[in-house]
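# I'll drop the sequence and a predicted model, then ask my questions.
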Amino acid sequence: MKSIKYILAVVIFTCSLGMLPQMASAQTSIGASYEIRDEDPQNGFGLRLERGILGQLPIVDLGLRAHFSYFNDDISYENRTYSTDVTSYDYGLAAVGGVSLGLLSPYVGLGLGASTLDVTREDVGGVSAPEESNDSAFYWNGFVGAKVSPIPNIKPFVEYRFEDISDYENELNDVGNSSGRLIFGVSLSF
């Protein structure tokens, strides 16, 4: 008889916990960022879409992220007869994990992506410029960052993303040596 009362008490307690109001957390966020890196072009912009998974965990946030970054620079040389337009863009998918510590939410992630580098040269002094080149590469990336939540659905963030690019053939040999970028942005959760 004691065991039946004990089981009944556990069942009632468990059911009552399910009836308590729970705080709903946003499952999807979209963000925009300003990105700084060492290689040319050095400054760019990014977009990201993140979707939370396993939302029932109380403190831990797990999710999937898709990102896109765009960099462009027009480089003119004083001692050459042409200018160079360098465009670089990359996109990828990553798994993200973090914890919620009040207003601060640190996170880490790991993913794969692809990067494209387009170089176009234009004649400046009537002399023919070297030809155009387009190179693509696959890479893995890791990142560490933190979001702040001063307003519930708007989250400014700072992140450092490091990556390892499979070798570009001819252009900008220092791309493989440079390993990261600093990202400042804001995301909107809904």
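Noted; the coordinates are in hand.

# From now on I want contacts and neighbour counts done on CA atoms only, so please keep to that.
Will do.

# Show me where this protein has its strands.
28-37, 43-53, 60-76, 82-99, 104-123, 133-148, 154-165, 180-189 (DSSP state E).

# Put together a markdown table for the ones you listed, with mean neighbour count and mean pLDDT on each row.
Listed next are the strands of the chain as a markdown table, based on neighbours: other CA atoms under 10 Å; pLDDT from 0 to 100:
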| stretch | mean neighbour count | mean pLDDT |
| --- | --- | --- |
| strand 28-37 | 19 | 93 |
| strand 43-53 | 18 | 93 |
| strand 60-76 | 18 | 87 |
| strand 82-99 | 19 | 86 |
| strand 104-123 | 18 | 87 |
| strand 133-148 | 17 | 88 |
| strand 154-165 | 19 | 88 |
| strand 180-189 | 18 | 92 |
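
# how about the CA coordinates for stretch 100-110, as CSV?
Taking Å, rounded to 0.1, in the frame of the first residue of the first chain, the C-alpha atoms of stretch 100-110 are listed here in CSV:
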residue,chain,number,x,y,z
SER,A,100,22.6,30.9,-21.1
LEU,A,101,24.0,32.8,-18.1
GLY,A,102,21.5,35.6,-17.5
LEU,A,103,22.1,38.4,-20.0
LEU,A,104,25.3,36.8,-21.4
SER,A,105,25.3,33.7,-23.6
PRO,A,106,28.7,32.4,-24.6
TYR,A,107,28.8,29.8,-27.5
VAL,A,108,31.2,27.7,-29.6
GLY,A,109,30.7,26.0,-32.9
LEU,A,110,32.2,23.9,-35.6
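
# Give me the contacts around stretch 88-107.
Stretch 88-107 is contacted from outside by 41, 59-72, 108-118, 144-150, using CA atoms under 8 Å, 6 or more residues apart in numbering.

# Likewise for stretch 48-63?
25-32, 64-68, 95-101.

# Recalculate using a threshold of 6 Å.
27-31, 64-67, 95-100 (CA atoms under 6 Å, 6 or more residues apart in numbering).
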